[in-house]
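Enquirer: When you get a sec, could you give me coordinates for this:
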Amino acid sequence: MPDFSINEMLAMQSELQDKYKDKWEAVSPAAGKHKLLWMIGEIGEVIDIVKKNGDLHAVEDSDIRKQLVEEMADVLMYYNDILMCYGITAEELKSSYVKKFEYNLKRWEKHQDNDILNGLKYIF
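Expert: Reported below is the predicted structural model:
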């Protein structure tokens, strides 16, 4: 199965927004905070599934896993709405993500070096 890209998700969300433009709040920076709150609610539903069923049961029981994945899809739908509200492209997101990834790789190495140096202070 091919990867599911941010661009594909954005296109799907755009189609939904167009279809329901008379019923849903328009995509705009002002709507971004509302979408963020709705997304947090969906994240809460993901947490509830795991909390109520336990980590392993939530992924091993096929019915519960289905619920978990559906709620995570809801989170991603709001996430993509938020990207649209703020005009963030998949390319911008990728660029920022890659930079953050590279920073985090180096940050861990720095922490290890600092931990070693701090440990040596106590020895000497």
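Enquirer: could you show me where the helices are in the chain, in order?
Expert: Taking DSSP state H as the criterion, the chain contains helices spanning 6-19, 29-53, 55-60, 62-85, 90-123.
Enquirer: Deepest in the core, which of those is it.
Expert: helix 62-85 (a mean of 17; mean count of other C-beta atoms under 10 Å). From N, CA and C alone the C-beta is placed, and that goes for glycine too.
Enquirer: and it with helix 29-53, angle?
Expert: Going by axes from the mean of the first three to the mean of the last three C-alpha atoms, to 10 degrees, helix 62-85 is angled at 160 degrees with respect to helix 29-53.
Enquirer: quick one, helix 62-85 and helix 6-19 angle?
Expert: Using the same axes, to 10 degrees, the inter-axis angle of helix 62-85 relative to helix 6-19 is 80 degrees.
Enquirer: just to revisit the earlier point, let me have the helices of the chain in TSV, extended by mean pLDDT.
Expert: Formatted as TSV, those follow (pLDDT from 0 to 100):
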stretch	mean pLDDT
helix 6-19	96
helix 29-53	97
helix 55-60	95
helix 62-85	97
helix 90-123	80
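Enquirer: what's the burial count for Val27?
Expert: By other C-beta atoms under 10 Å, 21 other residues sit near Val27.
Enquirer: wait, doesn't it sit right on Ile82?
Expert: No: taking contacts as C-beta atoms under 8 Å, Val27 lies outside contact range of Ile82: 9.4 Å.
Enquirer: what's the distance between Ile40 and Ile47?
Expert: In this structure, Ile40 and Ile47 are 10 Å apart, going by C-beta to C-beta, to the nearest Å.
Enquirer: same deal with Asp22?
Expert: Distance, Asp22 to Ile47, using C-beta to C-beta: 33 Å.
Enquirer: do the same with Gly41
Expert: Gly41 sits 11 Å away from Ile47, going by C-beta to C-beta.
Enquirer: List the contacts of Ala31.
Expert: With contact taken as C-beta atoms under 8 Å, 6 or more residues apart in numbering, Ala31 is in contact with Glu25, Cys85.
Enquirer: now Met72, nearest residue through space, not along the chain?
Expert: Computed as C-beta to C-beta, 6 or more residues apart in numbering, the closest residue to Met72 that is not its neighbour in sequence is Val46, at 5.8 Å.
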